[in-house]
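Asker: sequence first, predicted model second:
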Amino acid sequence: MEEVRKFPGIVPPVITVFDSQGEIDGERSKKFIQHLIDEGVHGIFVAGSTGESSLMNMNQRKEIIDIGVEAARGKVPLFAGTGHNATRIAVELSKYAQDAGADGVIVSLPHYPKPTQEALYHHYKTVAEQVNIPLFVYNWPGQYGLDIEPEIVANLAKDGYIRGIKDTHDDIDHTAEIIRLTEGKITVWVGFESRILPS
């Protein structure tokens, strides 16, 4: 497995600021991102679960990607959440993020209807083949009711489709197994603060 560029450090998932009408407040969202950058984070992750992307329409998801790219440009890497249950929509959002200037995409597991592990592999393979920026798996079994096996993560990495994973997992052994199988050659973020030091 080739060594790939890593993105170490703290990369927080960012809240999206909405106005009273449910529209994105771009200026306040940018100010919040700037606050995090000023505090010393190593990257920014917009349009994830914390950013309420699952409650957004497509235009809003693209809007918050644009806001994040603008706020982080030239300061820290910007990662865009582009996951969707439909592979074609995950591809569309990932291509949009790439064209907007994102440094990478973080793609959550498609969890409904529940796919097989083989289907997960092909989902990420398909998205990765459509973009030229780093792709990261987003695994959160407690939220999605689905878990990607460390062996699938390792195969995706070995075949050059992913650059890392955000493993929001209760079982530290799951994360450790990913690190072992990938020989420490990809970025592995943990989603829970209590897992940072053990990992």
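Answerer: That came through, no problem. Numbers count the residues shown, from 1 in each chain.
Asker: residues of stretch 64-73 that come out buried?
Answerer: Within stretch 64-73, the residues scored as buried using 16 or more other C-beta atoms under 10 Å are 64-69, 71-72. For the C-beta atoms, the positions are set from N, CA and C on the backbone; glycine is no exception.
Asker: a markdown table for those, including pLDDT?
Answerer: Below are those laid out as a markdown table (pLDDT from 0 to 100):
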| residue | pLDDT |
| --- | --- |
| Ile64 | 99 |
| Ile65 | 99 |
| Asp66 | 99 |
| Ile67 | 99 |
| Gly68 | 99 |
| Val69 | 99 |
| Ala71 | 99 |
| Ala72 | 99 |
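Asker: any chance of those in TSV, with distance to Ala176 and secondary structure too?
Answerer: Shown next, in TSV, are these (distance: C-beta to C-beta, whole Å; DSSP: H, G, I helix; E, B strand; the rest coil):
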residue	distance to Ala176	secondary structure
Ile64	33	helix
Ile65	32	helix
Asp66	37	helix
Ile67	35	helix
Gly68	31	helix
Val69	33	helix
Ala71	34	helix
Ala72	30	helix
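Asker: and these, which two are furthest apart?
Answerer: Using C-beta to C-beta, those reach their maximum pairwise distance at Ile64 and Ala72, which is 12.1 Å.
Asker: neighbours of the residue nearest to Ile37 when sequence neighbours are not counted, how many?
Answerer: Nearest non-adjacent residue to Ile37, counting by C-beta to C-beta, 6 or more residues apart in numbering: Lys75, 5.2 Å away. A count of nearby residues for Lys75, using other C-beta atoms under 10 Å, gives 14.
Asker: just say helix, strand or coil for Lys75.
Answerer: coil (DSSP: H, G, I helix; E, B strand; the rest coil).
Asker: can you pull the buried residues of the helix or strand containing Val127?
Answerer: Taking DSSP states H and E as the criterion, Val127 maps to helix 117-128. Buried residues in helix 117-128, defined by neighbour count with 16+ other C-beta under 10 Å: 120-121, 123-125, 127-128.
Asker: about what we covered before: how much space between the residue nearest to Ile37 and Gly40?
Answerer: Computed with C-beta to C-beta, to the nearest Å, the distance linking Lys75 and Gly40 is 11 Å.
Asker: circling back: now the buried residues of stretch 64-73 as a markdown table including distance to Ile165?
Answerer: Below are these laid out as a markdown table (distance: C-beta to C-beta, whole Å):
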| residue | distance to Ile165 |
| --- | --- |
| Ile64 | 22 |
| Ile65 | 20 |
| Asp66 | 25 |
| Ile67 | 25 |
| Gly68 | 20 |
| Val69 | 22 |
| Ala71 | 25 |
| Ala72 | 21 |
